[in-house]
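Engineer: What would the 3D arrangement of this be:
(one chain, ligands or ions: 1)
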Amino acid sequence: MQLDSVELFHLSMRLKAPFETSFGVEQDRECVILKVQGEGLAGWGECVAGQFPGYSYETAPTAWHMLKDFYIPALLAAPLQGIQDFRERIAHLRGHPMARAGLEMALWDLWGKAQGKSLKELLGGERPRVPVGVSIGLQDSTPALLQTVQGYVDSGYARVKLKIKPGRDLEPVRAVRQAFPELPLQVDANSAYTLADNGTFRAMDDLDLLMIEQPLAEDDLLDHVRLQAELTTALCLDESILSARIARQALEAGACRIINIKAGRVGGLAEAVAIHDVCRAAGAPVWCGGMLETGIGRASNLALATLPGFTLPGDISASERYYAEDIAEPLFKLNPDSTIQVPEGTGLGVEVVEAALQRATLRREVMRAG
Ligand code: NPG
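Structural biologist: From the prediction side, this is the model:
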């Protein structure tokens, strides 16, 4: 396929409510949107690197640099034979998985449109809709948290994830469990603890949680093995799982029993599918994580979550949970059974609203082939 150009957009979008995690508060979410054009078609992708290096070392500006100076020149250097061709061209470049995943997503969208297939079909997905939950950031007080949980339960979410950090963990999580005894509930620490905090997690073992996500450092599989051995609750790894190889090793070692898959974190949808396959072979359930994506990235997450190993609800909430104005249509709505319909159209199956995109754009640049 002959490609003509790649356009980069650095966006800042105001979240409906600030989102607080153990690494900071986000009110305006930044990301980089990619538009790849060729043969009269356009493919869109979303790079999830944000404003500051809290979740990962990548930021929207570091992604911009990698895209502009390395990945896009490699892509535009020759006609594209397929996704694997792109992956091979950049395989010698170390790190920056979010930057490469954003561009790869745009290529999947373009490829799907060229083939007349949806992303779900290209990935080998099965289901027309996927089970979803909601992730709730740290709240100012326990009453505020209970109210927020109640609001999401009332709007139909059948699974809730709570963010925790040292000092804001047992008491609020216990209160939610007490108020919602039957609610499928899980917690996410975003690496904020060490093994010395094992007492906190032992106490959580009594709260009937679906899982405890990423309690310890990203590069610390060994202590996760030790912690998992002390608990009956399953540990789930997110930040630690950077590739299919690490996923296999983490499961083999017993560092976790569940894996959160984010295509952005692992360098793209192809690697995400490889992780899914490793987990499925090992009998470990997976679910699709979220990074507060716009409708572009959420369409990609929905397609990924149709693969058969995604047996747990994803962090893929309805559009209205995130932004006053999204940049893609149609908006995703929550069904009464806490699922979301997966787009059926070709590629990602969403249309970008260019006026809304422009309103959110901080800077824009076009790079052309040859
Ligand atoms: O619904 O997209 C969503 C948010 C899910 O909690 C969520 N994401 O650590 O998984 C995470 C967290 C996150 C958000 C991480 C933004 C980084 C940036």
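Engineer: mind saving the C-alpha coords of the helix or strand hosting Leu357 as PDB?
Structural biologist: Using DSSP states H and E, Leu357 falls within helix 354-360. The C-alpha coordinates for helix 354-360 follow below in PDB (Å, rounded to 0.1, in the frame of the first residue of the first chain):
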ATOM      1  CA  GLU A 354     -12.600  17.000  12.600                       C
ATOM      2  CA  ALA A 355     -14.100  20.300  14.100                       C
ATOM      3  CA  ALA A 356     -13.900  18.700  17.600                       C
ATOM      4  CA  LEU A 357     -10.400  17.500  16.900                       C
ATOM      5  CA  GLN A 358      -9.400  20.900  15.900                       C
ATOM      6  CA  ARG A 359     -10.800  22.500  19.000                       C
ATOM      7  CA  ALA A 360      -8.700  20.100  21.200                       C
END
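Engineer: Mean confidence (pLDDT) on it, please.
Structural biologist: Average pLDDT, helix 354-360: 97.
Engineer: in that helix, what counts as buried?
Structural biologist: 356-357, 360 (16 or more other CB atoms under 10 Å). C-beta here means a position set from N, CA and C on the backbone, and glycine is covered the same way.
Engineer: which among these gets closest to the ligand?
Structural biologist: Among the buried residues of helix 354-360, Ala360 lies closest to the ligand (CB to the nearest ligand atom), at 16.7 Å.
Engineer: Which residue is the nearest non-sequential neighbour of the closest one?
Structural biologist: Leaving aside its chain neighbours, Ala360 sits nearest to Leu11 (4.4 Å; criterion: CB to CB, 6 or more residues apart in numbering).
Engineer: what does Val273 give?
Structural biologist: Leu123 (5.9 Å).
Engineer: measure that neighbour to the ligand for me?
Structural biologist: Computed as CB to the nearest ligand atom, to the nearest Å, the Leu123 to the ligand distance reads 19 Å.
Engineer: pLDDT score for that residue?
Structural biologist: Looking at Leu123, its pLDDT is 98.
Engineer: Helix, strand, or coil at the residue of the stretch 251-370 of the chain found nearest the ligand?
Structural biologist: The minimum distance from the stretch 251-370 of the chain to the ligand, using CB to the nearest ligand atom, falls at Gly290 (2.4 Å). Following DSSP: H, G, I helix; E, B strand; the rest coil, we place Gly290 in the coil state.
Engineer: next one: Glu20
Structural biologist: When classified by three-state DSSP, Glu20 comes out as strand.
Engineer: Just the C-alphas of the host helix or strand of Leu362, formatted as CSV.
Structural biologist: Using DSSP H and E, Leu362 sits in strand 361-368. Taking C-alpha atoms only, strand 361-368 is exported to CSV below (Å, rounded to 0.1, in the frame of the first residue of the first chain):
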residue,chain,number,x,y,z
THR,A,361,-5.5,20.5,19.2
LEU,A,362,-2.5,22.2,20.8
ARG,A,363,-0.2,21.5,17.8
ARG,A,364,-0.3,19.8,14.5
GLU,A,365,2.2,18.7,11.9
VAL,A,366,2.0,16.8,8.6
MET,A,367,4.8,14.6,7.3
ARG,A,368,4.7,13.5,3.6
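Engineer: Can you list the strands that that strand pairs with?
Structural biologist: Here strand 361-368 has these sheet partners by DSSP bridges: strand 5-21 (antiparallel).
Engineer: and the chain, what are its domains?
Structural biologist: 5-116+353-368, 121-341 (automatic domain parsing).
Engineer: Save the ones you listed as CSV, and put in distance to Gly347 too.
Structural biologist: Output for the domains of the chain, formatted as CSV (distance: least, CB to CB, whole Å):
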stretch, distance to Gly347
domain 5-116+353-368, 4
domain 121-341, 9
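Engineer: Find the residue at the geometric middle of this structure.
Structural biologist: Nearest residue to the geometric centre of the chain (CA atoms, centre = their mean): Gly290, 3.1 Å.
Engineer: I figured it was touching Ala263, is that so?
Structural biologist: No: using CB atoms under 8 Å as the test, Gly290 is too far from Ala263 to be in contact (10.8 Å).
Engineer: Spell out which residues are contacts of both of these two.
Structural biologist: Counting by CB atoms under 8 Å, 6 or more residues apart in numbering, the contacts common to Gly290 and Ala263 are Asn301.
Engineer: Now do the residue nearest to the centre of the chain against Ala179, distance only.
Structural biologist: As judged by CB to CB, to the nearest Å, Gly290 and Ala179 stand 24 Å apart.
Engineer: do the same with Ala255
Structural biologist: With distances taken as CB to CB, Ala255 is found 32 Å from Ala179.
Engineer: Tell me the predicted confidence for His370.
Structural biologist: For the record, residue 370 is Gly, not His. In this prediction, Gly370 carries a pLDDT score of 84.
Engineer: what sits against it?
Structural biologist: Contacts for Gly370 (CB under 8 Å, 6+ apart) come out as Leu76.
Engineer: Repeat the analysis, applying 10 Å as the threshold.
Structural biologist: By CB atoms under 10 Å, 6 or more residues apart in numbering, the contact set of Gly370 is 2-4, 76-78.
Engineer: For the closest residue to the ligand within the stretch 101-250 of the chain, which three-state class applies?
Structural biologist: Residue nearest to the ligand within the stretch 101-250 of the chain: Ser135 (3.3 Å; CB to the nearest ligand atom). With three-state DSSP as the basis, Ser135 sits in strand.
Engineer: For Phe9, see how far away it is.
Structural biologist: Relative to Phe9, and taking CB to CB, Ser135 is found at 25 Å.
Engineer: Ok, Pro128 next?
Structural biologist: Distance from Pro128 to Phe9, by CB to CB: 31 Å.
Engineer: Equivalent analysis for Ile241, please.
Structural biologist: According to CB to CB, Ile241 stands 29 Å off from Phe9.
Engineer: More neighbours: those two, which one.
Structural biologist: Of the pair Ile241 and Phe9, Ile241 is the one with more neighbours under other CB atoms under 10 Å, namely 31 against 21.
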